[in-house]
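> Just the structure for this:
(chains A and B)
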Amino acid sequence: MTRLKQPVSADDHVQGSADALTTLVEYGDYECPHCAHAYPIVKQLQKRFGDDLRFVFRNFPLNEAHPNAEAAAETAEFAGAHGKFWEMHDLLFENQPRLGTALFVELAQKLKLPRPALEAALEGGQFAARVRADFSGGVRSGVNGTPTFFINGLRYDDSWEFPELLLVIDQAIESARNPAAD
Amino acid sequence: MSDTQTAEATSLLTPGTKAPDFTLQFAPRATLSLSELSGKPVILAFYPADWSPTCGDQIGLYNEILPEFQKFGAELVGISVDGPWCHKAYSEARKLHFKLLSDFEPKGAIARQYGAYRRDDGLCERALFVIDQNGFIAWSYLSPIRVNPGADGILEALEKLSAKAA
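Predicted coordinates:
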């Protein structure tokens, strides 16, 4: 069983409560079509499970395959430094076919983030170390492609279509509620 | 050559075993021998076939995380039964920065020696070996064929090797 080696911490981008019964961690790449496919599925799961589900997104840009993945990840981190991580995360996936500098600038403006600061951050690699740290931690946790999901700290190797994830998260919540039932 | 280097292994070779040497083509007119890599840790990644889907693909993943292996001075090679021309096209298409070896003729001969051959479908297993600086197997792992094993086990094995060497 492959386990998440980096526990969820204050440095993470988190949606939902620390008291949630289940934590879903995604290692993702903004340019990966499978991650874009998973994006609305995660939203559906969040809607369905509400406070019982906490969601964490970590960067795993596959730069050899996806030329815009790194800059997209750094753009999201830049937005995060201004308190707008999730807004940017969503916009990047929703605009995946247009990823590139022009889009990053456009989205920053849309979120009222300072354009020169974004350009300087991307140019200077201000958030590169942060993205790299996510990536290295992911590699050590057995991330094996994108997206890779961990449910309550265990790598999930099956289908991440909605019905399968719904079932497995439901079970995780159930066993968190009744630990003795296992 | 000793018997252990020619016999077909019935199960995956385990730590402490001398890694069977081999010479295989990595390009249409070029070969690589395991013994040429002596002195540094070697990662052998047996895998079923070139051209599996992107993003979740083991070879693509290893290409992305090559720098993590290189931190340990380790050399990664992939091995499958695909021919050298197939490897060449695949490597170019995916911009791979490490060698893919062809266990092509006799088919799967090296995979058989490592206990990493699937007779039923004629493919390599998804099997990983970390070989130490002296040519002994330090770690091995057989993954379920449809599960990309990732690289955490490889990195742990490399860490242990470098701690031992220090």
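> Look up how far B:His87 lies from B:Gly108.
15 Å (Cβ to Cβ, to the nearest Å). Every residue, glycine included, has its C-beta placed from N, CA and C.
> One more: A:Phe150?
33 Å.
> got the phi/psi numbers for the closest residue to B:Ser33 other than its chain neighbours?
Distances taken as Cβ to Cβ, 6 or more residues apart in numbering or on different chains place B:Thr23 nearest to B:Ser33, at 4.3 Å, with adjacent residues excluded. Torsion angles at B:Thr23 (phi, psi; degrees, to the nearest 10) stand at phi -130, psi 120.
> Check B:Leu76 too.
Dihedral angles (degrees, to the nearest 10) for B:Leu76: phi -100, psi 130.
> Using the three-state scheme, assign the residue nearest to the spatial centre of chain A.
Closest residue to the average C-alpha location of chain A: A:Phe57 at 2.3 Å, with Cα atoms, centre = their mean. Three-state assignment for A:Phe57 (DSSP: H, G, I helix; E, B strand; the rest coil): strand.
> what's the distance between it and B:Tyr47?
Where B:Tyr47 is concerned, A:Phe57 sits at a distance of 29 Å (Cβ to Cβ).
> Check A:Lys47 too.
Distance, A:Lys47 to B:Tyr47, using Cβ to Cβ: 38 Å.
> Please identify which of these two sits among more neighbours.
Neighbour totals were compared for A:Lys47 and B:Tyr47, and B:Tyr47 leads with 27 against 9 (other Cβ atoms under 10 Å in any protein chain shown).
> Does that one touch B:Ala116 like I think?
No: under the criterion of Cβ atoms under 8 Å, B:Tyr47 makes no contact with B:Ala116, lying 9.6 Å away.
> shared neighbours of the two, which are they?
Common contacts of B:Tyr47 and B:Ala116, defined by Cβ atoms under 8 Å, 6 or more residues apart in numbering or on different chains, comprise B:Cys124.
> quick check: longest helix of chain B.
In chain B, with assignment by DSSP state H, the single longest helix is helix B:152-165.
> Now the residue positioned nearest the centre of chain B, what are its backbone angles?
Nearest to the mean C-alpha position of chain B, by Cα atoms, centre = their mean, lies B:Leu44 at 2.2 Å. Taking degrees, to the nearest 10, you get phi -100, psi 120 for the backbone angles of B:Leu44.
> if we look at the sheet, which residues does it bridge to?
Counting by DSSP bridges, B:Leu44 forms beta bridges with B:Val77, B:Phe129.
> Which of the helices or strands spans the closest residue to A:Gln6 other than its chain neighbours?
Leaving aside its sequence neighbours, A:Gln6 sits nearest to A:Gly137 (Cβ to Cβ, 6+ apart; 4.1 Å). Element membership of A:Gly137 [criterion: DSSP states H and E] is helix A:128-140.
> residues of that helix that come out buried?
Burial within helix A:128-140, assessed by neighbour count using 16 or more other Cβ atoms under 10 Å in any protein chain shown, is assigned to A:128, A:130-132, A:134-140.
> Of those, which pair is most distant in space?
The largest separation in the buried residues of helix A:128-140, counting by Cβ to Cβ, is between A:Ala128 and A:Arg140 at 18.6 Å.
> Would you confirm that B:Gln133 contacts B:Pro41?
Yes: checked against Cβ under 8 Å, the pair B:Gln133 and B:Pro41 is within contact range at 6.3 Å.
> Counting neighbours around each, name which of those two comes out higher.
Per other Cβ under 10 Å, whichever of B:Gln133 and B:Pro41 has more neighbours is B:Pro41, with 23 against 17.
> Residue numbers of chain A in contact with chain B?
Residues of chain A lying near chain B by Cβ under 8 Å from any Cβ of the partner chain: A:2, A:5, A:29, A:32-34, A:62-65, A:135-136, A:139-146, A:148, A:155, A:157.
> among those, which are in helices?
Per DSSP H, the residues of chain A next to chain B map to helices at A:33-34, A:135-136, A:139-140.
> Just put the residues you listed in CSV and tack on distance to B:His97 and pLDDT.
CSV is the format used below for those (distance: Cβ to Cβ, whole Å; pLDDT from 0 to 100):
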residue, distance to B:His97, pLDDT
A:Pro33, 23, 95
A:His34, 23, 95
A:Phe135, 16, 95
A:Ser136, 18, 93
A:Val139, 16, 95
A:Arg140, 21, 94
